[in-house]
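[1] Okay, here's the prediction I keep looking at, along with the sequence it came from:
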Amino acid sequence: MTIEQAAKFGIHPGMPGLNGTIPIVKPSTLKIQPTDAYECNQSVCITVTGQGLFVQAWDTKAYFANYTETFETYWLNGKVETTSRSFYAAPGDWAYVDFSPEEYFPNNSQVCNTWFANSGKPCETIYS
């Protein structure tokens, strides 16, 4: 799906999420380390840090083979929770986005990540 196609569904870069925060795009030199939950699907990875139902950080990274405009989408129980601002990913590089909701999630919440112009949708389940 392209950014233009996503806009038709009301999904656009920079959508605020929990507490009105917007995920932060990090430099490609930052390395996200697996902590409480880590999953990759195709070229997209998700990392969730917290304890029980409390989610401290929900981060993602993606590998890009080509130079492309992209933004990251955070999914909560099948619905868009928030998105990062759009940016250009360099070919052959990883892009990183950090989101720190610092919130309690409902038991058995499913959190997922996707990146526009990239494939993969890793998910994790939050439970007590």
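    Sure thing, it's come through.

[2] Correct me if wrong: C45 contacts E39.
    Yes - assessed by CB atoms under 8 Å, C45 is found in contact with E39 at 6.8 Å. In this view, the C-beta of every residue, glycine as well, is placed from N, C-alpha and C.

[3] Look at these two and report which has more neighbours.
    More neighbours surround C45 than the other of C45 and E39, with 21 against 16 (other CB atoms under 10 Å).

[4] quick one: contacts for that one?
    Applying CB atoms under 8 Å, 6 or more residues apart in numbering to C45 gives the contacts 32, 38-39, 60-62, 113, 122.

[5] after the one helix or strand it maps to, next one along is what?
    Using DSSP states H and E, C45 sits in strand 44-51. The C-terminal neighbour of strand 44-51 among helices and strands, as given by DSSP H and E, is strand 54-64.

[6] Only the buried residues of that next one, if you could.
    The neighbour-count check on strand 54-64 (16 or more other CB atoms under 10 Å) flags 55, 57-64 as buried.
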